[in-house]
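Visitor: Next one to model:
(one chain, ligands or ions: 1)
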Amino acid sequence: MIYLDNAASTHPKPETVYAAVDRAVRTGGNPGRSGHRAAFDAAREVFEARAVVGEVLGASDPARVIFTLNATHSLNLALKGVLRRGDHVVTTVMEHNSVLRPLHRLEASGVETTLVAADREGHVDPAALEGAIRPNTRLVALCHASNVSGTLQDAEAVGAFCRRRGLLFLLDASQTAGAVPLDAEGLGVHLLAAPGHKGLLGPQGTGVLVLAAGVDLATVLEGGTGTHSEQRTMPDELPEGLEAGTLNTPGIAGLAAGARYLLDRGVADVRRAEEEILAYVLPELASIPGLLLYGPREPAARVAVVSFNLEGRDGAHVGFALDEAYGIAVRVGLHCAPDAHKALGSFPAGTVRASFGPFNTLQDAEALVRALRELARL
Ligand SMILES: Cc1ncc(COP(=O)(O)O)c(C=O)c1O
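Guide: Okay, here's the model as predicted:
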């Protein structure tokens with residue numbers, strides 16, 4: 001199978017990821033819960049994981065790398081931990097439902113939201129985001145790269161005005177963490193949410209929320225931490241104050257191995273390889289008669305998430321044919337980002353989405369182009 005669904009979860013993972021998960025399950029030990037060697041070893045493994053994942057994301061304090069189940073969990077912790085009745089949030093139509101749905105829920109408790117529009121390629125103008133600020137704006141939430149069109153947003157400009165205007169900046173780095181060199185501290189990001197199972201190459205069931213120095217969150221989950229057990233309240237210390245319950249130690253061990261792979265290879269090299277694929281695949285796809293391509297045409301303006309439709313064809317049939325006849329795995333539909341499709345002009349049908357990962361080759365992209373040329377002729 002040619003796997004082109006890396007925007008959902010990367011596959012395959014580096015061999016070291018499988019080995020690390022296996023080792024952690026066999027070793028056992030619940031970090032921070034007991035005083036025996038297995039528990040200490042697990043605690044050390046988890047601490048080291050915070051450091052390497054932080055290094056990939058440009059976060060220098062491992063205690064502020066909070067482990068979660070996925071990006072959705074991270075985004076919920078961030079939004080619900082910050083926002084209170086009367087607060088206003090500026091965000092965009094390009095967001096995933098993991099931002100839009102928590103915000104919708106928060107609107108019922110008196111939080112106000114402004115969704116800033118995007119152009120037909122999915123770009124959101126930072127000046128339009130800044131223009132949406134009100135006296136009660138507390139947070140700007142931005143999807144760094146769209147999981148529909150791949151469009152990269154100008155996080156630097158948004159970070160700069162957030163700093164200037166004293167606003168919190170939440171970056172959804174689900175499609176950029178591990179795929180694009182990131183410097184959370186340099187960008188002035190206060191809250192960075194990322195899945196562990198996409199570009200960071202960890203297993204499913206892993207995610208991170210990175211908090212900048214000085215950012216405090218109210219808790220969303222309370223429970224055991226193995227520390228301050230005499231208290232009814234969650235400990236103030238991080239990371240345990242935001243990590244109630246037993247961690248996914250095997251998943252975190254795998255995530256650390258994924259992060260180490262990225263540090264060894266260099267995220268810049270992953271980015272270079274994916275831009276090379278984009279430089280080939282975008283003009284090729286655009287040249288197929290009847291193929292509608294979404295998002296920017298310049299590789300530098302996007303990540304390797306490529307959405308398209310064959311005119312007059314049901315995307316589900318195209319996806320099915322790619323799988324059945326050509327052994328190519330893609331995803332079809334709305335990709336949990338309905339408003340992005342409205343901006344791009346692909347609502348309500350959605351798109352067929354091919355998303356490349358660090359182990360895809362130019363030959364994989366060529367196979368996709370060949371298959372689509374044939375399907376377009378049928
Ligand atoms: C932009 C974006 N945000 C959030 C998410 C949610 O990620 P997860 O499935 O890890 O919760 C995704 C997943 O596709 C995404 O692409």
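Visitor: Let me know how buried the residue of the stretch 201-350 of the chain found nearest the ligand is, in neighbour terms.
Guide: Here the stretch 201-350 of the chain gets closest to the ligand at one residue, residue 207, 5.5 Å apart by CB to the nearest ligand atom. Where you see a C-beta, it was placed from the backbone N, CA and C, and this is true even at glycine. Residue 207: 29 surrounding residues under other CB atoms under 10 Å.
Visitor: Quick check: bridge partners of it?
Guide: When bridges are called by DSSP bridges, residue 207 pairs up with residue 68, residue 195.
Visitor: Does it touch residue 77 like I think?
Guide: No: Residue 207 is not in contact with residue 77 according to CB atoms under 8 Å; the separation is 9.6 Å.
Visitor: intersection of neighbour lists for the two?
Guide: Jointly contacting residue 207 and residue 77 under the rule CB atoms under 8 Å, 6 or more residues apart in numbering are residue 68.
Visitor: Then residue 358 would be within a strand, right?
Guide: No: read with DSSP: H, G, I helix; E, B strand; the rest coil, residue 358 is coil and lies in no strand.
Visitor: So for it, what pLDDT did the model give?
Guide: As predicted, residue 358 sits at a pLDDT of 98.
Visitor: Check residue 32 too.
Guide: 87.
Visitor: What does the residue lying closest to it once chain neighbours are set aside show for phi and psi?
Guide: Leaving aside its chain neighbours, residue 32 sits nearest to residue 226 (3.9 Å; criterion: CB to CB, 6 or more residues apart in numbering). Per-residue torsions, residue 226: phi 80, psi 0 (degrees, to the nearest 10).
Visitor: Residue 88 too?
Guide: The phi/psi pair for residue 88 (degrees, to the nearest 10) is phi -120, psi 140.
Visitor: quick one: it and residue 136 touch, right?
Guide: Yes: if you go by CB under 8 Å, residue 88 and residue 136 touch, sitting 4.6 Å apart.
Visitor: list the residues that contact both of those two?
Guide: Each of residue 112 lies in contact with both residue 88 and residue 136 under the rule CB under 8 Å, 6+ apart.
Visitor: which of the two has more neighbours?
Guide: More crowded of residue 88 and residue 136, by other CB under 10 Å: residue 88, with 18 against 11.
Visitor: so what's that one up against?
Guide: Residue 88 sits next to 111, 112, 113, 114, 134, 136, 137, 138 when contact means CB under 8 Å, 6+ apart.
Visitor: Filter those residues down to the buried ones.
Guide: Buried members of those, counted by 16 or more other CB atoms under 10 Å: 111, 112, 113, 114, 137, 138.
Visitor: Let me know the closest of those residues to residue 222.
Guide: Distance ranking of the buried ones among the contacts of residue 88 against residue 222, using CB to CB, places residue 111 first at 21.3 Å.
Visitor: Check the nearest residue to that closest one once chain neighbours are set aside and give its pLDDT.
Guide: What sits nearest to residue 111 in space, not counting adjacent residues and going by CB to CB, 6+ apart, is residue 83, at 4.8 Å. You'll see residue 83 listed with a pLDDT of 98.
Visitor: looking at it, residue 83 is touching residue 89, isn't it?
Guide: Yes: if you go by CB under 8 Å, residue 83 and residue 89 touch, sitting 6.5 Å apart.
Visitor: and for the two, which residues touch both?
Guide: Joint contacts of residue 83 and residue 89 (CB under 8 Å, 6+ apart) are 111, 138, 139.
Visitor: and the gap between the first one and residue 78?
Guide: Applying CB to CB, to the nearest Å, the value for residue 111 to residue 78 is 13 Å.
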